[in-house]
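how would this look folded up:
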Amino acid sequence: MERGVFDQGPKDVTFLNRAVAHCLYMTHMAVTFLVALGWLSPWDSILWAVIIVYAITEILWVTRDGYCILTDLERWFLGIEKPENALQQNFIKRVLIKLFGVDMSPAMSRKMTVIWGRFSFVVSSIRLASPGL
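Prediction:
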């Protein structure tokens with residue numbers, strides 16, 4: 001399996017910077033799993049969290065030309081240059097490779113991310129608007 005740019009970053013990064021980058025990575029994982037699975041939750045607070053987090057995510061993507069602020073911060077702490085294209089830093093592609101060994105095109109993983117996020121947003125909204133579902 002091909003090593004990603006995050007695995008090949010500069011070796012002279014301080015321990016503190018690596019620790020912060022790891023915390024950002026784990027935060028990104030938590031946000032991803034919240035949006036991916038939060039719509040299944042029986043608690044309204046989680047459904048609201050899905051709606052708010054995904055709405056903020058979409059706004060950030062639009063205002064930042066598709067770049068994710070969490071990935072940009074992780075790159076900054078690791079001393080890795082920002083790519084010319086937002087698809088070159090696709091977090092979901094990275095996760096799919098690490099967890100499942102699945103490698104898909106950056107455009108396809110981005111499309112899957114948007115479709116799943118919007119699905120989760122809509123289902124969470126419907127569940128909040130229709131108690132008892």
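
pretty sure Leu24 sits against Ile69.
No - using CB atoms under 8 Å, Leu24 makes no contact with Ile69, being 9.6 Å away. Backbone N, C-alpha and C define where each C-beta goes, glycine included.

ok, those two, which is more surrounded?
Neighbours per residue (other CB atoms under 10 Å) separate Leu24 from Ile69, with Leu24 holding more: 20 against 15.

how close does that one sit to Ile51?
23 Å (CB to CB, to the nearest Å).

quick one: residues contacting Lys82.
Tyr67, Asp72, Arg75, Gln89 (CB atoms under 8 Å, 6 or more residues apart in numbering).

so what's the last one up against?
Residues in contact with Gln89 (CB under 8 Å, 6+ apart) are Val5, Tyr67, Cys68, Thr71, Asp72, Arg75, Lys82, Pro83.

name the residues of the host helix or strand of the fourth one that are buried.
It refers to Thr71. For Thr71, the host element (DSSP states H and E) is helix 69-78. Neighbour counts over helix 69-78 (16 or more other CB atoms under 10 Å) mark Leu70, Thr71, Asp72, Leu73, Glu74, Arg75, Phe77, Leu78 as buried.

same thing with stretch 47-62?
Leu47, Ala49, Val50, Ile51, Val53, Tyr54, Thr57, Trp61.

redo the residues you listed as a markdown table? Include pLDDT.
Putting these into a markdown table (pLDDT from 0 to 100) gives the following:
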| residue | pLDDT |
| --- | --- |
| Leu47 | 97 |
| Ala49 | 98 |
| Val50 | 98 |
| Ile51 | 98 |
| Val53 | 98 |
| Tyr54 | 98 |
| Thr57 | 97 |
| Trp61 | 95 |
